[in-house]
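**Student:** got a predicted structure here, sequence first:
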Amino acid sequence: MIRLLGPLVRGVLLLAAVLLPSAWPAGLARPDLVLLVVAGVALLHPPPVGLLVGLAGGWLVDVVPPGAAPLGAGALVYAAVGLGLGAVRRQLVLSPVLPWVATGLAAALVLGVRGVAAAAGVGRALPAELAWTLAVTMLVAVLVLPVVMRLERWMTQRGWA
Amino acid sequence: MPSRTTVLALLLVALTAAVLVVDLARPGLAAPARSAVAAALAPAQRVLAGWDDGRVAELTEERNALAAEVDRLRARARDATELEELARSSTAAVVDRTLLPARVVAVASGSTPVGGRTVTVDVGSEDGVLPDQTVVAVEGLAGRVLRVAPTSADVLLLGDPQVVVGVRFGQDGALGDVQADPVPGLPARGHGQLTLTALGDTQVEVGDRVSTLGSPDDVPYAAGIPLGTVVSVDPDRGQLGRTAVVEPFVDTDTLDLVAVVLREDG
């Protein structure tokens, strides 16, 4: 039973990450909070866990209004991010800056997919917007990533996850 | 032997890929699921978006509704004179419209694989909103309703690649269309700028006002709503119609209070 608490807390974190941008001031670039939660969990667990959390976060991004089309595309991209960060987590313990750098690369990858899709004629993305989103995400990551990782470590120690 | 988590993860990824393919093939199938999620989360989004002063919101709402009403009356007065001149009826702008004030409660994520411009507003089918209705802000056209849930609706904004608006521009009301995607080979557009393509060989001039052409029954765009001004005309590089850059009146990045144009029957 107690092992269900971890996934539950992660679910609540992801839901908050999807809903909180509503309270963000209009006109400012929004940080990708979902990616930060996915990264915070994926960096501490084997790849399948990161993949599952990424999948759940991506699904929330896709279906929570206004949502995104096509359904499932966001889920697969965030799942890939969770899988990738989970796979390289052991190489990132050398320095406390490395998880932040890896998260930045993951955010750049997610935005890169959007940019490439737009260049291929699917959807629309302006380079300046992508750059701003990346910058704000990296900035917010300085605060949010350590908090999520500390919570995740605490839950692991208590056997919640 | 792979662990249970791995098996579950692989299963769910396969399922997601299947949903993606089905959604690409039949985009409407997921509508009930989207509507259910929207209904469940609408109160939370409303609370999160409305943390500022309620009185200011109320007054701004009122001001927006009044300003839009002035736009509508001006358009009707202009229509009336044109109608007298023509002495025959036009297809649009003879129906009465009402404006339903609404507030933006959520904005699409900036990191999804397919970039679009959608927002969620806090009115839905219970308030009489239907898909494809026009959405305006105080400055002019904002977009159209894409999906409707009981208490919220998703709005496709100007600047989304799916939005193409039939317009009139200039003194004589020449016809054309406005969309976000620039024609290949033309100068790059600035942030938020749109492309006007004139129908036929009409001259486009800098400073021309662009407003919606309108369609029968006001779906998807009502007639005579101001959209923007022409800020520069593209050089002739073999494109079919003349093209120009339009700066929209509405800044979709800072959109807060809007109104849905409802048709008044009878």
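**Tutor:** It's in.
**Student:** which parts of chain A are helices?
**Tutor:** A:5-19, A:33-42, A:47-63, A:73-87, A:98-119, A:127-157 (DSSP state H).
**Student:** just those: most buried one?
**Tutor:** Of all those, helix A:33-42 carries the top mean neighbour count, a mean of 29, counting by mean count of other Cβ atoms under 10 Å in any protein chain shown. The way it works is simple: take the backbone N, C-alpha and C, and place the C-beta from them, glycine included.
**Student:** and it, does that touch chain B?
**Tutor:** Yes: interface with chain B: helix A:33-42 contributes A:Val34, A:Leu35 (Cβ under 8 Å from any Cβ of the partner chain).
**Student:** domain assignment for chain B?
**Tutor:** Using automatic domain parsing, the domain ranges for chain B come out as B:48-159+B:252-263, B:164-248.
**Student:** contacts for stretch B:251-259 next, please.
**Tutor:** Stretch B:251-259 is contacted by residues A:26-27, B:57, B:60-61, B:64-65, B:68, B:99-104, B:117, B:119, B:121, B:135-139, B:142-143, B:155, B:157-159, B:192 when judged by Cβ atoms under 8 Å, 6 or more residues apart in numbering or on different chains.
**Student:** just the ones of those residues in strands?
**Tutor:** With strands defined by DSSP state E, the entries of the contacts of stretch B:251-259 inside them are B:99-104, B:119, B:121, B:135-137, B:142-143, B:155, B:157.
**Student:** among these, which ones lie close to chain A?
**Tutor:** Restricting those to those within reach of chain A (Cβ under 8 Å from any Cβ) leaves B:Val104, B:Val119, B:Val155.
**Student:** measure the first one to B:Val260 for me?
**Tutor:** For B:Val104, the distance to B:Val260 equals 12 Å [Cβ to Cβ, to the nearest Å].
**Student:** shared neighbours, these two?
**Tutor:** B:Val121.
**Student:** one step back: switch the helices of chain A over to CSV; also include mean pLDDT.
**Tutor:** Formatted as CSV, the helices of chain A follow (pLDDT from 0 to 100):
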stretch, mean pLDDT
helix A:5-19, 93
helix A:33-42, 95
helix A:47-63, 94
helix A:73-87, 95
helix A:98-119, 93
helix A:127-157, 93
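**Student:** turn the ones you listed into CSV, including distance to B:Leu8.
**Tutor:** Formatted as CSV, those follow (distance: least, Cβ to Cβ, whole Å):
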stretch, distance to B:Leu8
helix A:5-19, 11
helix A:33-42, 16
helix A:47-63, 7
helix A:73-87, 12
helix A:98-119, 22
helix A:127-157, 19
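**Student:** circling back to that earlier point, can I have the buried ones of the contacts of stretch B:251-259 as a PyMOL selection?
**Tutor:** To isolate the buried ones among the contacts of stretch B:251-259 in PyMOL, judged by 16 or more other Cβ atoms under 10 Å in any protein chain shown, type:
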select buried, chain B and resi 57+61+64+65+68+99+100+101+102+103+104+117+119+121+135+136+137+138+139+142+143+155+157+158+159+192
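**Student:** how near is the residue of the stretch 1-150 of chain B found nearest chain A to A:Trp59?
**Tutor:** Residue of the stretch 1-150 of chain B nearest chain A, by Cβ to the nearest Cβ: B:Leu20 (3.4 Å). As defined by Cβ to Cβ, B:Leu20 lies at a distance of 11 Å from A:Trp59.
**Student:** repeat that for B:Glu205.
**Tutor:** 49 Å.
**Student:** buried set for the lengthiest helix in chain B?
**Tutor:** In chain B, with assignment by DSSP H, the single longest helix is helix B:54-86. Residues of helix B:54-86 classed as buried: B:Ala57, B:Glu61, B:Asn64, B:Ala65, B:Ala67, B:Ala68, B:Asp71, B:Arg72, B:Ala75, B:Arg76, B:Asp79 (neighbour count, 16+ other Cβ under 10 Å).
**Student:** likewise for stretch B:169-183?
**Tutor:** Neighbour counts using 16+ other Cβ under 10 Å place B:Phe169, B:Gly170, B:Ala174, B:Gly176, B:Asp177, B:Val178, B:Gln179, B:Ala180, B:Asp181, B:Pro182 of stretch B:169-183 among the buried residues.
**Student:** the fourth one touches B:Ala198, doesn't it?
**Tutor:** Yes: taking contacts as Cβ atoms under 8 Å, B:Gly176 lies within contact range of B:Ala198: 4.3 Å.
**Student:** shared neighbours of those two, anything?
**Tutor:** Common neighbours of B:Gly176 and B:Ala198 (criterion: Cβ under 8 Å, 6+ apart): B:Phe169, B:Val204, B:Gly241.
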